[in-house]
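>>> pasted the sequence and its predicted model underneath.
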Amino acid sequence: MESVIEEIYRSQSRRVLATLIRLLGDFDRAEEALHDAFAAATRTWPADGIPGNPFAWLVSTGRFKAIDTLRRRARFDASQQHIEDSLYTIDETEIGEMEPIEDDMLRLIFTCCHPALPADAQMAMALREICGLTTEEIAHAFLVPAPTVAQRIVRAKGRIRTANIPYEVPDREALPERLDRVLHVIYLVFNEGYSASSGDEIVRADLTGEAIRLARLLLTLLPHPDVSGLLALMLLQDSRRSARQGEQGSLVLLADQDRSLWDGAKITEGLTLLAEAMRTGEVGAYTVQAAIAAEHAKVPSAEETDWRRIAFYYDLLLAAQPSPVVELNRAVAIAMAEGPATGLELIDAILRRRELQAYHLAHSARADFLRRLGRKEEAIAAYETALSLCRQEPEQAFLRKRISELAAAPERQ
């Protein structure tokens, strides 16, 4: 039973939280109610069984726990009474037959992305409230101290409260000006699911699925080539999910994946959306990334991949959206087209600028180039650096395996 509750928490807690925020009107109050609801579940479900609609049970329980808490506080603080009273105005049938309300997650994203909030706070809020990451995990992702992240989130919540920022999807007329931030958040949610930043799983299907669902919903609200491009990118990437994990949860690299396990329906849909986005002539960063993913999806084997075309797309992406991570990916593509020595030179240039020093994938890619060049000791040292920075168990296991294989391999003459 404990494992079942943990899985429900993992798959539904963010949606429960989003709905509780709407019902209770406050982030902190909703988070407290969420934890109270799951605490009640761990006490009652083993004896009573799992309810037919766990989502509705958790939302209803969390809301009434919040009312009880406010009632107790109101005895000592009359200013709390109007808050308690407002929570009784919700129609009980709204909870009694409740299914996950799709718009609540989108409302939460638009709230986190409100222009009144600083950009860094928006991203921290989104990862905390939508993905459920800890402040430490967010800090690791942004390469900043955990207290800095915690402060950003606290200030953002305070700003939402004091500025009375509405918990809603804005009117259609206001959607375009908020679109970039919302797409970026959905992209972050997907990335965290596609390659979890920590833990013992490569993929968090609950997050990738939620990001795809939200992009579909957004596309119905605001048909736009950037939305189509992002949805195409996520579908093409997610199509490989089953092939990315081997026995006992081990990581399988793209070149080694069994392509018969790739999801053909998602590839077809993704390619169709990509073509539609390309036809508009408004080719944004997500559409370019989708075009890169499509190059992998269109060929039956890794050997047939057109790496020069992928490198060209990364040139476009780097011009439109300069970043050391895009540079790193471009270096890998060029190395696949021209050889590991060229890729190593490009990565070393990035690292000499003191960029991506704490990014394990930069050191892992550098180690792979060194391995392919036969520079065994340097490769082992680079893999060890990557291992020291990596926080995901399957990736750690992969890096340890590479180190072990290299250590046992004879020196090249």
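Received, thanks.
>>> can you pull out the low-pLDDT segments for the protein?
Low-confidence segments of the chain (pLDDT under 70): 73-102, 141, 143, 198, 411-413.
>>> where do the helices sit along the stretch 301-413 of the chain?
With DSSP state H, counting those that start in this stretch, the ranges of helices along the stretch 301-413 of the chain come out as 307-320, 324-338, 340-352, 360-372, 376-389, 393-408.
>>> among those helices, which is nearest residue 116?
Of all those, it is helix 307-320 that lies closest to residue 116, at 27.1 Å by Cβ to Cβ. For glycine as for every other residue, the C-beta is placed from the backbone atoms N, C-alpha and C.
>>> tell me the angle of the closest one relative to helix 324-338?
160 degrees (axes from the mean of the first three to the mean of the last three Cα atoms, to 10 degrees).
>>> buried set for helix 307-320?
Using 16 or more other Cβ atoms under 10 Å as the burial criterion, the residues of helix 307-320 that qualify are 310-314, 317.
>>> repeat for stretch 119-128
By 16+ other Cβ under 10 Å, the buried positions in stretch 119-128 come out as 121-128.
>>> so which of the residues you listed sit within helices?
Mapping the buried residues of stretch 119-128 onto helices (DSSP state H) picks out 121-128.
>>> including distance to residue 408, could those go into JSON lines?
Below are these laid out as JSON lines (distance: Cβ to Cβ, whole Å):
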{"residue": "121", "distance to residue 408": "48"}
{"residue": "122", "distance to residue 408": "48"}
{"residue": "123", "distance to residue 408": "43"}
{"residue": "124", "distance to residue 408": "43"}
{"residue": "125", "distance to residue 408": "47"}
{"residue": "126", "distance to residue 408": "44"}
{"residue": "127", "distance to residue 408": "40"}
{"residue": "128", "distance to residue 408": "43"}
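>>> quick one: which of the residues you listed is nearest residue 406?
Closest to residue 406, out of all of these and judged by Cβ to Cβ, is residue 127, at 34.8 Å.
>>> surely that closest one meets residue 192?
Yes. Using Cβ atoms under 8 Å, residue 127 makes contact with residue 192 at a distance of 7.0 Å.
>>> can you check which residues contact both of the two?
residue 133 (Cβ atoms under 8 Å, 6 or more residues apart in numbering).
>>> just checking, residue 327 touches residue 318?
Yes. Residue 327 lies in contact with residue 318 (Cβ under 8 Å); the separation is 6.4 Å.
>>> show me what counts as buried in the host helix or strand of residue 155.
Applying DSSP states H and E as the criterion places residue 155 in helix 146-162. With burial defined by 16+ other Cβ under 10 Å, the residues of helix 146-162 counted as buried are 149-150, 152-153, 156-157, 160.
>>> which helices and strands sit right next to it?
helix 27-48, helix 119-129, helix 135-142 (3 or more Cβ pairs under 8 Å, 6 or more residues apart in numbering; DSSP states H and E).
>>> may I have the distance across stretch 118-138, first residue to last?
In stretch 118-138, first residue to last residue: 16 Å (Cα to Cα, to the nearest Å).
>>> just to revisit the earlier point, need the residues touching each of residue 327 and residue 318.
With Cβ under 8 Å, 6+ apart, residue 327 and residue 318 have no common neighbours.
>>> what about the closest residue to residue 224 other than its chain neighbours, which helix or strand?
Excluding its sequence neighbours, the residue lying closest to residue 224 (Cβ to Cβ, 6 or more residues apart in numbering) is residue 179, at 6.6 Å. Using DSSP H and E, residue 179 falls within helix 175-194.
>>> mind saving the C-alpha coords of that helix as CSV?
C-alpha atoms of helix 175-194 as CSV (Å, rounded to 0.1, in the frame of the first residue of the first chain):
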residue,chain,number,x,y,z
LEU,A,175,-2.1,35.2,-24.4
PRO,A,176,0.5,36.1,-27.0
GLU,A,177,2.6,38.4,-24.8
ARG,A,178,2.8,35.7,-22.1
LEU,A,179,3.4,32.8,-24.5
ASP,A,180,7.2,32.7,-24.5
ARG,A,181,7.4,32.3,-20.7
VAL,A,182,4.7,29.7,-20.6
LEU,A,183,6.3,27.7,-23.4
HIS,A,184,9.6,27.9,-21.5
VAL,A,185,8.0,26.5,-18.3
ILE,A,186,6.3,23.6,-20.2
TYR,A,187,9.7,22.9,-21.8
LEU,A,188,11.4,22.9,-18.4
VAL,A,189,8.7,20.5,-17.1
PHE,A,190,9.3,18.2,-20.0
ASN,A,191,13.1,18.3,-19.7
GLU,A,192,12.9,17.4,-16.0
GLY,A,193,10.7,14.4,-17.0
TYR,A,194,12.8,13.4,-20.0
